[in-house]
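Trainee: curious how this folds, go ahead:
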Amino acid sequence: MTTRRRVLAAASILAIGAGVTACGSEDISPTVKKDDPAIARGADLFAERCAGCHTLDVVGAQGGATEIKDRERVDGPNFNVRRETVNNVLYAIRNGGFSGAIMPENIVVGRDADDVAAFLSKYAGRQRKPEITPQQPAGGGNANAGATTTPPTTQSTPQATTPPTTQSTPQTTTSTPEAGTTSTPVTTQHVNTQGKQVFTQSCGGCHTLKDAGTTGTVGPNLDDLKPDEATVQSQVTNGGGAMPAFKGQLSDAQIKAVSQYVSSVAGQ
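Mentor: Below is the predicted model:
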């Protein structure tokens with residue numbers, strides 16, 4: 001091989017290597033670079049070791065799927081929307097994620113692991129949407145006024161005749177759901193909307209649930225499992241097996257909403 005050909009071959013190899021290194025990552029935010037030295041170092045390590053499988057904008061990482069339909073087996077959590085604690089990050093690093101199926105164990109160790117955990121616990125989940133504010137019943141104050149005026153009308157019948165008193169009670173019971181019918185579906189719709197949002201962001205990467213359009217295979221297929229609300233709430237709160245505890249990452253209201261959602265749609 002001539003000297004000129006050797007130079008061209010070497011240049012090609014270097015170009016390919018640079019392209020591979022840059023794949024899935026852009027650059028670290030200046031804000032992160034100016035942060036505490038340990039956190040800034042953790043960001044560097046994350047970009048170097050984790051960007052191929054995870055998404056996190058502050059370090060330019062684009063390795064994970066941002067939509068369920070684009071998800072691949074090696075895609076890890078999207079840390080733009082998933083919050084993390086130091087303990088959860090260290091557990092995942094030491095054990096190869098929460099399933100041990102894809103992520104290698106001890107991808108960083110010692111001080112490196114501590115720095116990555118400190119970085120993620122501060123910057124992960126910053127694009128998570130705020131908790132949805134419950135909707136008001138249609139009609140606002142008018143609906144409440146209608147509910148207040150219904151009982152006096154019903155109570156006037158027993159005063160007129162004593163015997164129908166017993167019969168008037170069922171009439172009151174029947175009319176009460178009719179007065180509240182407008183507000184009940186709104187509340188259920190709110191819970192399902194919020195629960196579905198929480199599930200898609202925090203659970204869909206590991207579980208299959210037809211209603212949410214998720215196809216995760218790390219955890220159980222919830223359409224097959226069909227868990228009740230209490231089971232879902234306990235599992236989400238406390239974790240179990242390979243699943244982490246979400247207490248502290250999700251609010252009580254979010255855990256309640258996702259539990260009601262999963263139990264109501266699983267298997268449908």
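
Trainee: Ser121 is in contact with Arg82, isn't it?
Mentor: No. Assessed by C-beta atoms under 8 Å, Ser121 is found out of contact with Arg82, at 11.6 Å. C-beta here means a position set from N, CA and C on the backbone, and glycine is covered the same way.

Trainee: neighbour count: the two, which is higher?
Mentor: Arg82 (22 against 19; other C-beta atoms under 10 Å).

Trainee: relative to Tyr261, how far out is the more buried one?
Mentor: Arg82 sits 18 Å away from Tyr261, going by C-beta to C-beta, to the nearest Å.

Trainee: distance of Ala92 relative to Leu120?
Mentor: 9 Å.

Trainee: and the two? Which one has more around it.
Mentor: Ranked by neighbour count (other C-beta under 10 Å), Ala92 and Leu120 place Leu120 first, with 29 against 24.

Trainee: what about that one, which helix or strand?
Mentor: helix 110-123 (DSSP states H and E).

Trainee: I'd like the mean pLDDT over that helix, please.
Mentor: Across helix 110-123, the average pLDDT comes to 93.

Trainee: what's it in contact with?
Mentor: The contact list for helix 110-123 (C-beta atoms under 8 Å, 6 or more residues apart in numbering) reads 32, 35-36, 38-43, 45-46, 49-50, 56, 58, 79, 84-86, 89-90, 93-94, 106, 108.

Trainee: Gly125 belongs to a strand?
Mentor: No. Read with DSSP: H, G, I helix; E, B strand; the rest coil, Gly125 is coil and lies in no strand.

Trainee: got phi/psi on it?
Mentor: Main-chain torsions, Gly125, degrees, to the nearest 10: phi 80, psi 10.

Trainee: gap between the nearest residue to it once chain neighbours are set aside and Ser202?
Mentor: Spatial nearest neighbour of Gly125, chain neighbours left out: Arg83 (3.2 Å); criterion: C-beta to C-beta, 6 or more residues apart in numbering. Per C-beta to C-beta, Arg83 is found 9 Å from Ser202.

Trainee: between the two, which contacts overlap?
Mentor: Joint contacts of Arg83 and Ser202 (C-beta under 8 Å, 6+ apart) are Gln249.

Trainee: ok, Arg94 - how many residues close by?
Mentor: Neighbour count of Arg94, defined by other C-beta under 10 Å: 13.

Trainee: hang on, it in a helix?
Mentor: Yes. Checked against three-state DSSP, Arg94 lies within a helix.

Trainee: ok, it - contacts?
Mentor: Contacts of Arg94 by C-beta under 8 Å, 6+ apart are Glu105, Asn106, Ala113.

Trainee: next: Val89.
Mentor: Val116, Ala117, Leu120, Ser121.

Trainee: which one of those is nearest Gln249?
Mentor: The shortest gap between Gln249 and any of those belongs to Ser121, at 10.5 Å (C-beta to C-beta).
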